[in-house]
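> predicted model, plus sequence, below.
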Amino acid sequence: MQAKAPPPIAMLAELTHRCPLSCPYCSNPVEMAKLDSELDTETWTRVFQEAAALGVLQLHLSGGEPASRRDLVALVKSAREAGLYTNLITSAIGLSERRLNDLDEAGLDHIQLSLQGTDAVMADKVGGYRGGFDRKMKTVEWIKQIGFPLTLNFVLHRHNAHQLPRALELAQEMGARRIEVATVQFHGWALKNRDALMPTREQAQQVTQLVTEARKILKGQLVIDYVPADYHDDYPKRCMGGWGTTGLNVTPDGQVLPCHAAQSIPHLTFDRVQDKPLADIWYNSSAFNAYRGTGWMSDPCKSCERKTIDFGGCRCQAMAIVGDASATDPVCIKSPLHRALQDQANEHAANSDAPFFYRISPGKATEPAE
Ligand code: SF4
Ligand code: FES
């Protein structure tokens, strides 16, 4: 019999799929939750209390753009009252000085700011939002004044990989304690943009080298988290720390997912916070138990010495590329599709003229001009 799962440490609350930006790398699903299906303040408050009782320590308030929620301050307050550490994942659009002060008063612990590029030309093009970079820089000044602990999240791809050195400088200028250098992961909407965003193998190697060197030079000043370009790698990432082991996601309309892309696995069904307590969903739901542990594996993972290190990689990537969520992640060198994936990655990366397919948020009518 399989041992009972440990409680989750972190919860990602996707407060809304609405967003003023239109990033082509967005990992939100292609079918986004509509405004009138979003959970209300009261329900989120109950969910935060249930999460804390279940053992969750960290709450990541995300989206879309969480600042698009008018009740953001009230939500932060209720999460802090429930005893959760609160991290706001934001593009900064929608955060005024006054709102940041209100968030501070409500007890917000930390801000994670996304960076689409290190100058207005790149950032506004990638985000599909003119003037976004300048507004972000203004917001950073207020964040510094208030003294929020800050992490910068630089989503890196073929168009902006050369800006990594400047992104590291910017993080220090902003007083960030940490930067996440996250090579784009091709889930949800981003899957449409593999031709436009896939870094070349050479870029991926250069970035890895730069991160290794920067970690030595900036030790004690800036922590660098790194998500490499896994299509060019030989071993997969331990996605979500292992399915159903450390974290859970709640969608804007209340579905509870083992990872942000789990809705791409068509045979899974997801319980909703409106219908069941969070603890019941975490321990007993079929979706959370589908790929927990190692019992679901077949070879090569089943007999592999790394199976409790990476848990076979990413289930959603196996679904997207192999068409079978229980297959070995094709990033793995032991997967029969590993070579084909690497060839595919090189083909995507060679598409120098590929256009961006911008994500259009619920409520937005048109695509932004590049
Ligand atoms: Fe990981 Fe499976 Fe590859 Fe082994 S065979 S390294 S467990 S993905
Ligand atoms: Fe779903 Fe990796 S994103 S398991």
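Nice, thanks for sending it over. Ligands and ions are numbered 1, 2, ... in the order given.

> tell me how many other residues surround the nearest residue to Thr200 once chain neighbours are set aside.
Leaving aside its sequence neighbours, Thr200 sits nearest to Ala349 (CB to CB, 6 or more residues apart in numbering; 4.4 Å). In this view, the C-beta of every residue, glycine as well, is placed from N, C-alpha and C. Around Ala349 sit 24 other residues, with neighbours defined as other CB atoms under 10 Å.

> ok, now Pro362?
18.

> that one contacts Asn28, doesn't it?
No: the pair Pro362 / Asn28 is not scored as a contact, 10.1 Å apart, by CB atoms under 8 Å.

> now for these two: what residues contact both?
With CB atoms under 8 Å, 6 or more residues apart in numbering applied, the overlap between the contact sets of Pro362 and Asn28 consists of His17.

> which helix or strand contains Val207?
Taking DSSP states H and E as the definition, Val207 sits inside helix 201-217.

> which residues does that helix contact?
By CB under 8 Å, 6+ apart, the list of residues contacting helix 201-217 from outside reads 156, 158, 161, 164-165, 168, 181, 183, 199, 224, 226, 228-229, 232, 345-346, 349.

> go with 6 Å
Applying CB atoms under 6 Å, 6 or more residues apart in numbering, the set of residues contacting helix 201-217 from outside is Ala161, Leu164, Leu168, Val181, Ile224, Tyr226, Pro228, Ala229, His232.

> cool, stretch 277-287 as well?
With contact meaning CB under 6 Å, 6+ apart, stretch 277-287 is reached by Glu50, Ala51, Leu54, Val256, Leu268, Phe270, Asp271.

> how far away from the center of its chain is it?
For stretch 277-287, the separation from the chain centroid amounts to 22 Å (computed by CA atoms, centre = their mean, to the nearest Å).

> just give me the closest of the contacts of stretch 277-287 to ligand 2.
Using CB to the nearest ligand atom, Leu268 comes nearest to ligand 2 of the contacts of stretch 277-287, at 10.3 Å.

> highest neighbour count among the contacts of stretch 277-287?
Top of the contacts of stretch 277-287 by neighbour count (other CB under 10 Å): Ala51, with 28 neighbours.

> what packs against the helix or strand where Met137 lies?
In this structure, Met137 sits in helix 132-146 according to DSSP H and E. Counting by 3 or more CB pairs under 6 Å, 6 or more residues apart in numbering; DSSP states H and E, the packing neighbours recorded for helix 132-146 are helix 97-106, helix 120-127.

> flag every buried residue along that helix.
For helix 132-146, the neighbour count (16 or more other CB atoms under 10 Å) marks Gly132, Phe133, Arg135, Lys136, Thr139, Val140, Trp142, Ile143 as buried.

> follow-up on the earlier one: same list (the helices and strands packed on helix 132-146) but as JSON lines, adding distance to ligand 1.
Listed next are the helices and strands packed on helix 132-146 as JSON lines, based on distance: least, CB to the nearest ligand atom, whole Å:
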{"stretch": "helix 97-106", "distance to ligand 1": "40"}
{"stretch": "helix 120-127", "distance to ligand 1": "31"}
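
> right, and Gln58 touches Gly83 too?
No: counting by CB atoms under 6 Å, no contact exists between Gln58 and Gly83, whose distance comes to 11.2 Å.

> who has more neighbours out of those two?
Using other CB under 10 Å as the criterion, Gln58 and Gly83 rank with Gln58 on top: 17 against 14.

> ok, now which ones touch that one?
Contacts of Gln58 by CB under 6 Å, 6+ apart are Ala10, Tyr85.

> hmm, try it at 8 Å
Ile9, Ala10, Met11, Leu84, Tyr85, Asn87 are the contacts of Gln58 under CB under 8 Å, 6+ apart.

> check which helix or strand covers the last one.
Right, the one you point to is Asn87. Per DSSP H and E: strand 85-90 holds Asn87.

> what average pLDDT does that strand get?
Averaging pLDDT along strand 85-90 gives 98.

> do stretch 103-117 as well
Averaged across stretch 103-117, the pLDDT comes to 98.

> kindly report the same for stretch 229-247.
For stretch 229-247, mean pLDDT is 93.

> how far out from the middle of the chain is that stretch?
Taking CA atoms, centre = their mean, the mean C-alpha location of stretch 229-247 is offset from the chain mean by 13 Å.
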